[in-house]
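>>> quick one: sequence and predicted model below, then my questions.
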Amino acid sequence: MPAQPANPAVLFVCLGNICRSPTAQGVFEHQLAQTELAGRVRVDSAGTAAYHLGKSPDSRAQSFATKRGIDLSSLKARQVTVNDFYTFDWILAMDRQNMANLEAIRPSDSTAQLVLFLSLLPNTTQLEVPDPYFGGEEGFETVLDLCETASQALLDRLKQEVLN
């Protein structure tokens, strides 16, 4: 595995960039701010589709995140670009379909680590963050729970790679 730079960059990716990936970004930034890595990791989110460009995260995602002290209101949806494979060290897909979409546009000389976000969790059988968009409120809680757990695993990994 290649060595990580002193100031790594992390990109969270889902389909439309209004539910899962901005939630993951917000959760990760919230956790990151409470560590010795605060200010040392660049974080962003994007979607593989252009459905919601420039839009704020889904109001339900914002509402449930706010209840946990996480503010998503400043985030705006954008689409993944080929350049992201050169400017981010980690690109974390929320599900297999988005992983396949990312692999399809990934340049052959990309150095970004492209993985399923939940694959960072040890001993897990759930590798996909379910899309809550068409479901009920419990889906947004589930996304937050998964993002909190996987974000902690990512933080632990970054601490090992950056601080050691």
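Happy to help now that I have it.

>>> hang on, V80 packs against I105?
Yes. Assessed by CB atoms under 8 Å, V80 is found in contact with I105 at 7.2 Å. In short, each C-beta sits where N, CA and C put it, glycine included.

>>> more neighbours, the two?
Taking neighbours as other CB atoms under 10 Å, V80 and I105 compare with V80 leading, 25 against 13.

>>> skipping adjacent residues, who's closest to L120 in space?
Once flanking residues are discounted, L120 sits nearest to A153: 4.3 Å by CB to CB, 6 or more residues apart in numbering.

>>> residues near the one you found, how many?
Residues near A153, counting by other CB under 10 Å: 16.

>>> check which helices and strands the one helix or strand it maps to sits against.
Assigned by DSSP states H and E, A153 belongs to helix 137-163. Under the contact criterion of 3 or more CB pairs under 8 Å, 6 or more residues apart in numbering; DSSP states H and E, helix 137-163 touches helix 20-32, helix 59-67.

>>> of the ones you listed, which is nearest Q126?
helix 20-32 (13.6 Å; CB to CB).

>>> contacts for that closest one?
With contacts defined as CB atoms under 8 Å, 6 or more residues apart in numbering, helix 20-32 is touched by 10, 12-14, 38, 41, 43-47, 57, 61, 65, 69-72, 75, 77, 92, 94, 117, 129, 131-132, 140, 143-144, 147-148, 150-152, 154-155.
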